[in-house]
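Asks: Need coordinates for the following:
(2 chains)
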Amino acid sequence: MTHIVSRVFDRELKKGSAELLILSLVEARPRHGYEISKLIETRSNGALKFNVASLYPLLYRLEQRGWIQGRWVEKAGQRRRRYYRLTSEGKRTLASQRSAWESFVAAINHITEPEQA
Amino acid sequence: MPEWKQEIRRRLANLNLDPAREAVIVEEMEQHLADYYADVLSGGATEAEAYRRTLAELQSSEILWPELRQPEPQPLVPGSTQRRSVIADLWQDLRFGCRMLMKQPGFTLIAVITLALGIGANTAIFSVIYAVLLRPLPYPAAERLVVLTTTGPQADLPKGVPYPDYVDWRDRTHSFDNTACFVDDVFNVTEVEPAVAVDGRRVNWNFFQMLGVKPQVGRLFVPSDDQAGAAPTATISDSFWHEKFGGDATVVGKTIRLDGDVFTVIGVLPPRFELLGKFDVFVPLGLWFTPGHHLLRRDVQFQLYVLARLKEGVTLARARADLSAVAAQLEREYPQTNRGRGAAVDKLADLLVKDVRLVLLVLLSAVGCVLLIACVNVTNLMLVRAAGRETELSVRLALGARRRRIIQQMLTESMLIAALGGLAGLLLGAWGIRSLSSLIPPTLVQLDQIRLNTPVLLFALGVSALTGLLFGLLPALRTAGTNPNTSLKQGGRSIGRSAWGRACNSLLVAEVALALVLLVGAGLMLRTLQQLTRVDPGFDAANLLTVRLQLSNDVYNNERRLAFFRECRMRLEALPGVRSASFVMSLPLQGASWNLPFIGADKPVPPPEAIPHAAFIPISANFFATMGIPLRTGRAFSEAEMNDTPAVTIINESLARRMWPGENAIGKRLRTGGADSHAAWREVIGVVGDVKLDGLEQEAPLQAYLPLALHNSGTVKLVVRTDGEPLALSQTVEQTIHSLDKDLTLGTRSMDELLGNAMARQRLTLTLLALLAVLALSLAGIGIYGVMSYAVTERRQELGIRLALGATLRDVMLLVLAQGMKPTLLGIGLGSAAAFAATRLLRGLLYGVAPTDPLTFAGVAALLSGVALVACWVPARRATKVDPLVALRYE
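Replies: All right, here's what the predicted structure looks like:
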C-alpha cells in the first residue's frame, strides 16, 4: 500500500516539477533533447531520470504552449539536431514557477523540519 | 548499431499521427536513442545490455503520449503559401464535389431540375419586368419627361387638356424646359391599294425635338409647319416607309393623301420609334387651328396629351406645385369653364407601365415563392444526403480536418449544383421568355423588348449564387456541427431522427406555407375570371360582328353620311345570315364616349363641382335591337329621328335612377353642359339597360344615347347581328360596304374577341399564376414525399420493433401519416396567415371576390392536404411492409 501511494506521489511530483526543470535547463542557452535528459540525470545525481517516452511529449507540450521553441540546427559533419530555446513567454512562466516552487519547498521544509524541543 | 526507427514507429502507430508530424518525432527520438545506446556502450556495457536499457527508454509514462498528437507549430510566412492553399483547397473541393455529384446522379439530377425550374421561371419573369419596369426609356434624359393632365372633382372626368389651358400652362409655368401636346387620330390613306387606315398623331412641331428624336431621312417639323394655313407636311414611321415606299430614300417631297388632303412627306423617323403606342403618320397639330375651331375652346374637354421636360434640378413636387398654382389662377379667371379643374404631373415612365405594374409585381412575388420552394426542396435533399454522409464527415473530423474546411467543401458542392441549376434555368428561361411573349397581349407590353440581355443574365447569375448559398448553408453548418465521437459510435445514423429530422420538418412547414400562398393567389384569380365571365356586359356578345369604318369628312358631309348609313344598313340586312345592323360612335368596353356634364330641366342646377357627367353615345336607329340591349320603358329612336329633330334622347337605368328616382323618366328633359349651357333640351323617350363601357370590372356609368347625326366626324363602328358564327360573314359584309365606297378602310372583329381583350389582364395573371401554383404544388408534394421516404428508412428498426411487439399495420401506417401530416397542417396554418396578408397585393386585380375569400382558402387548404396525404401515404405503405426480423437483424 505504501508502495503504491509513494509511486503516485512520485509521478505527480515529477510531472509538476518536470516543466520547471526543463525550462531552467534551456534558460541559459538552447539545448537538444538528449542533452536535457543527461543534465537532469547528472545534476540530480541519478535521482531524477526522464526516459524518451516521457521527455519528448513534455517538450512538445511546452513548445505547444509557446514557452520553448525547437529549431533544427545542422553542424558540419554531424546529423541535424533539434535545439530548444526559452521564449520570452517561457521566461515569464519560469520566473513564476520558480518562485512558486521555492515557496512550496520552504513550506514543506517548515513542516518537515524536526521541532526544536 | 540497432535500428530504432521501426521500434518507435510501432509505438506511435495507434496514435494515427499526421505522417509529417510522425517523421519529425521519429527522427528526434531515434537520435536520442542512438546517443544513449552509444553512451551506455562506452560505459562498458555489452551490446545486449545496452540494447535492453535503450529499449527501456521507450517504456511507461503512457499518460504523456497524447502530447505527441499536438501538431508542430508552423512558422507563419506572410504571403503566398496561405493563398495558394486556399486556391488549392478550392480546386480540390471542386474536383471532389464533381466526383460526389457524379456518384449520385439521381440526387444531382433532381436537385438541378428543381433549381432550374425555379431559376428559369424567375429569369423569364425578370426579363419581362426588366423590359417593362426597369429599362430606361430610349430617349435622352428620359427621367425628366413628364405628362401633364387635368384633374377634376369627378373621377371619371377625362384626363385630356383643352388647348387654351395647355397654352396657359406652357406660358405661365417655370418648371419645364419644353412642352408639347399631341392627339391621336386615324387617317385614311388613299392613293395606295388597298386604301388603309393608319394610326396617326397630330403633334406640336417641337414634339420630336423634346424627345431627342432625329430623322433618319429628311427633316422633322419646324415652327412654320405648325400653324393654320401652312403647307400640309407629314413625317412617317420607319415601318410605314418600308411598307408603302419600299424604303426609298427619295420619299422626301412625295405626297400622300390623308383623309382626302394632300400632305408632303418631309422626313422618316428612326426605326422602332414609339411613345404610348405605335404610330405611322405624324402631322402638325397647328394645321387644325383655324379661327373658331372647336379645339380652341376652353370648355371642350378634348383628349389632348401634354408632354413636358422638367428643367434640370426641378423635382416632381416642385413642378406639381408650380402647375397647380397656374391651374388655380385659371380657375379664378375662367370660373365658368375651369371651376374644379386641377392639373397633375406624372413621370412618363410611370404612365407607360401603369396597367402592367401590378400584374408584374404579383408575378415576381409568385416566382420568388417558387424559387424559395425549390430551394427548400434542395435543402431537404442536401440534409438527407448529408445525414447519409455523417460517417464520412466524422472520420474526416477525427483525422483533424477543420470544421471550416468541411463547411467550405459542402458549400462548394452546393454552389456546383446551383451553377448547374442556373445554367439549365437560363435555358428554361430563354424558352420561357418566348412562351411568355406569345402569352402576353401586345397591348400590355412592348414585346420586342423582352429578351435575354446582360441585366437578365446578371440577375440569373445572382439568383443562382444566392440559392446555392441558401440551400447549402444549413446542411453545411449542420454537418460541421456533427460530433465525430457519437456519430462514429452509432454507425452514422445517430441524429437522423432528432436534429436532422427537426431541420427537415421545419423546412417542410415553410414549403407547404409558401405553396399555399401561391395556390391561394391562383385560386383568387380563377374565381375572379369566373366572376368576370359571369358579368353581364349589358348586351349579347354572341354572334355579333363589329367593323370599324373611317368616313372622310371631305367626301361625306352630314347628309351623305346619313344616307350612307341608311343604305349600308339596308344592304347588310338583306344579306342571308344577317339579322340586323346598326352604327354607333364607339363600342362598349372600349372606353371611348363623350363624357359630358348635364342637367335636368325639372331639377335645381347643382353647383358646378356637383354637376353629374354621363357618357353620351350617338347611335343609329336599331342599335338596341342589334346589340341585344333591353329596352325597359319607352321606345327606341325611329329612322326619322336620326336627323336630330326633334331633340330626343334615350337614357340608361342608372341615369334614370340618379336623376329621377322613383319617377317615370319618360317625357323628362335634360341637356348637356352646366347652368349657362345653350344646348337644346332633349326629351327622354326611352330607358334601356346599363352597358359596361370601361371594362367588365368597372361599374356601368350613367349613359345617354343620341341620334347618330350628332357624330359628324372620324370613325364610326358598325355592329352586325348574325345568325351563326359572325366571322364567317366578315368577307361578305366587307364586300357589301365596299360596294358602296371602295375607298373605305375597315377593321373587322367579333364582339367575343373584344370581350376577351377586356379580360386579358386577368387571364394573363391567372394563366401564369396557375402555372406557378401547379409548379409549387408539385414541388411541395415531391418535398414531402422525399422527407417522408427518408424518415421511414430511418425509422425502419423502430417500426420493426413496434411490429414485433404487436403493433398492427394500421397503427404503423397512422404513425407515419401523422409524422408527415403534422408539419403539413402547421404549414397550412402558417401559410393561411401569410396568404391573408399577401393577397392584399392582388386586390387591384380581383373582381367579385374578396382577397380573403374563405371558399378559396378552404379549397386550397383541402387540395394541399390531399396532395400531402398522397405524398405521405406512399412511404407509409412502405413502412407497413417492413419485415420485423430483417429490420432487427440489420444492426
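
Asks: for the stretch 101-250 of chain B, which spans come out with low pLDDT?
Replies: B:153-159, B:191-195 (pLDDT under 70).

Asks: try 50 this time
Replies: Along the stretch 101-250 of chain B, the parts satisfying pLDDT under 50 run over B:155-156, B:158.

Asks: Do a quick rundown of the helices in it.
Replies: B:105-129, B:163-172, B:207-211, B:238-245 (DSSP state H, counting those that start in this stretch).

Asks: Would you reformat those helices as JSON lines and include mean neighbour count and distance to chain A?
Replies: Where you see a C-beta, it was placed from the backbone N, CA and C, and this is true even at glycine. Converted to JSON lines, these look like this (neighbours: other C-beta atoms under 10 Å in any protein chain shown; distance: least, C-beta to the nearest C-beta, whole Å):
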{"stretch": "helix B:105-129", "mean neighbour count": "22", "distance to chain A": "42"}
{"stretch": "helix B:163-172", "mean neighbour count": "18", "distance to chain A": "82"}
{"stretch": "helix B:207-211", "mean neighbour count": "21", "distance to chain A": "74"}
{"stretch": "helix B:238-245", "mean neighbour count": "18", "distance to chain A": "79"}
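
Asks: Of all these, which one comes closest to B:V196?
Replies: B:V196 sits nearest to helix B:238-245 of all the helices of the stretch 101-250 of chain B, at 8.5 Å, using C-beta to C-beta.

Asks: who touches that closest one?
Replies: B:189, B:192, B:198, B:216-217, B:236, B:247-248, B:251, B:254, B:256, B:268-273, B:278, B:280-281 (C-beta atoms under 8 Å, 6 or more residues apart in numbering or on different chains).

Asks: can you check stretch B:694-704 too?
Replies: Contact with stretch B:694-704 is made by B:156, B:532, B:535, B:537-538, B:589, B:591, B:593, B:598, B:612-617, B:649-652, B:654-655, B:658, B:670, B:682, B:690-693, B:755, B:758-759, B:847, as judged by C-beta under 8 Å, 6+ apart.

Asks: what subset of the residues you listed is also close to chain A?
Replies: Taking C-beta under 8 Å from any C-beta of the partner chain as the test, chain A is in contact with none of the contacts of stretch B:694-704.

Asks: What residue in the stretch 551-700 of chain B comes nearest to chain A?
Replies: Here the stretch 551-700 of chain B gets closest to chain A at one residue, B:E697, 77.5 Å apart by C-beta to the nearest C-beta.

Asks: do stretch A:63-81 and chain B meet at all?
Replies: Yes - Stretch A:63-81 is in contact with chain B by C-beta under 8 Å from any C-beta, via A:63-64, A:66, A:79, A:81.

Asks: my read: B:A327 touches B:G340, true?
Replies: No - when contacts are counted by C-beta atoms under 8 Å, B:A327 is not listed as touching B:G340 (10.3 Å).

Asks: Same drill for the two, tell me which one is more crowded.
Replies: The residue with more neighbours, out of B:A327 and B:G340, is B:A327; 22 against 16, by other C-beta atoms under 10 Å in any protein chain shown.

Asks: mind listing the strands for chain A?
Replies: Using DSSP state E, the strands of chain A run over A:31-32, A:68-73, A:81-86.

Asks: a markdown table for those strands, including mean neighbour count, mean pLDDT and distance to B:T479?
Replies: Formatted as a markdown table, the strands of chain A follow (neighbours: other C-beta atoms under 10 Å in any protein chain shown; pLDDT from 0 to 100; distance: least, C-beta to C-beta, whole Å):
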| stretch | mean neighbour count | mean pLDDT | distance to B:T479 |
| --- | --- | --- | --- |
| strand A:31-32 | 20 | 92 | 44 |
| strand A:68-73 | 17 | 88 | 36 |
| strand A:81-86 | 20 | 91 | 39 |
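
Asks: Of those, which is nearest B:D177?
Replies: strand A:68-73 (76.5 Å).

Asks: ok, whichever residue of the stretch 651-800 of chain B sits closest to chain A - how many residues close by?
Replies: Closest approach between the stretch 651-800 of chain B and chain A, counting by C-beta to the nearest C-beta: B:E794, at 41.5 Å. Using other C-beta under 10 Å, B:E794 has 17 neighbouring residues.

Asks: ditto for B:L457
Replies: 14.

Asks: Likewise for B:R10?
Replies: Applying other C-beta under 10 Å, we find 10 other residues in the vicinity of B:R10.

Asks: pLDDT of the helix or strand hosting it, averaged?
Replies: In this structure, B:R10 sits in helix B:5-12 according to DSSP states H and E. Taken as a whole, helix B:5-12 has an average pLDDT of 82.

Asks: got a list of contacts for that helix?
Replies: So helix B:5-12 is in contact with A:53, B:22, B:25-26, B:29-30, B:33, B:55, B:58, B:68, going by C-beta under 8 Å, 6+ apart.

Asks: That one: which residues count as buried?
Replies: Using 16 or more other C-beta atoms under 10 Å in any protein chain shown as the test for burial, helix B:5-12 gives B:7-9, B:11-12.

Asks: the helices in chain A, which residues?
Replies: Here chain A has its helices, by DSSP state H, at A:2-25, A:33-43, A:52-64, A:88-112.

Asks: most packed of the ones you listed?
Replies: Comparing the helices of chain A by mean neighbour count (mean count of other C-beta atoms under 10 Å in any protein chain shown), helix A:52-64 comes out on top with a mean of 22.

Asks: follow-up on the earlier one: put together JSON lines for the helices of chain A, with mean pLDDT on each row.
Replies: Listed next are the helices of chain A as JSON lines, based on pLDDT from 0 to 100:
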{"stretch": "helix A:2-25", "mean pLDDT": "62"}
{"stretch": "helix A:33-43", "mean pLDDT": "89"}
{"stretch": "helix A:52-64", "mean pLDDT": "84"}
{"stretch": "helix A:88-112", "mean pLDDT": "83"}
